[in-house]
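Peer 1: Have a look at this prediction, sequence included:
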Amino acid sequence: IVASPDGGVDIEEVAEKTPERVFKIPVDIFEGISDDAAVDLAQKLEFEGDAIGQAATEIKKLYELFIGVDATQVEVNPFGLTDQNEVVCFDAKINFDDNAQFRPQELLARDA
C-alpha cells in the first residue's frame, strides 16, 4: 500500500517534492493487512480520535476489494472526513488485471 496524508494531488508529485510524506506499507498477500498495520497507516494519514478506527476499517475493506476483484490498483483520492466526522473515500479508481476480465463484468452487473 502506498499512501500520503497529502490528498487531492498526484502521489508522484508528493513523492518528488516531499518523499517523507509518502508511506509504503508491505502487505503479505496471503495474510492481508493486519489490524495494527491498518491503524498505523490511519495515524500516518493524520486521522485522529474515533476516525482512526474508522479509517483502519476502511483501509482493510479497500484491501479486501483489491484482492476480491483481482485489481492491479485501487486508488483513492481523497480519503478523508465528512462534516459529520465519517471516514469516506471521496473518489476512487480501480484498475483490473487483464487476465481476470470476467471479474469487472460481475462488478458492473451488481446493483449499486
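Peer 2: Perfect, I can see it now. Residues are numbered from 1 along each chain as shown.
Peer 1: which regions of this protein lie under the pLDDT threshold?
Peer 2: Low-confidence segments of the chain (pLDDT under 70): 7-9, 100-112.
Peer 1: for it, longest helix please?
Peer 2: Of all the elements of type helix in the chain, the one with the most residues (DSSP state H) is helix 50-68.
Peer 1: and that one, how far out from the chain's middle?
Peer 2: When C-alpha coordinates are averaged (C-alpha atoms, centre = their mean, to the nearest Å), helix 50-68 and its chain have centres 7 Å apart.
Peer 1: packing partners for that helix?
Peer 2: Packing partners of helix 50-68 (3 or more C-beta pairs under 8 Å, 6 or more residues apart in numbering; DSSP states H and E): helix 35-44, strand 71-76, strand 79-81, strand 87-89. (Glycine included, C-beta is placed from N, CA and C.)
Peer 1: Now do the buried residues in it.
Peer 2: A51, I52, Q54, A55, A56, E58, I59, K60, L62, Y63, F66 (16 or more other C-beta atoms under 10 Å).
Peer 1: For those, give me TSV that also has distance to I94.
Peer 2: Below are the buried residues of helix 50-68 laid out as TSV (distance: C-beta to C-beta, whole Å):
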residue	distance to I94
A51	24
I52	25
Q54	21
A55	19
A56	21
E58	15
I59	16
K60	17
L62	10
Y63	13
F66	8
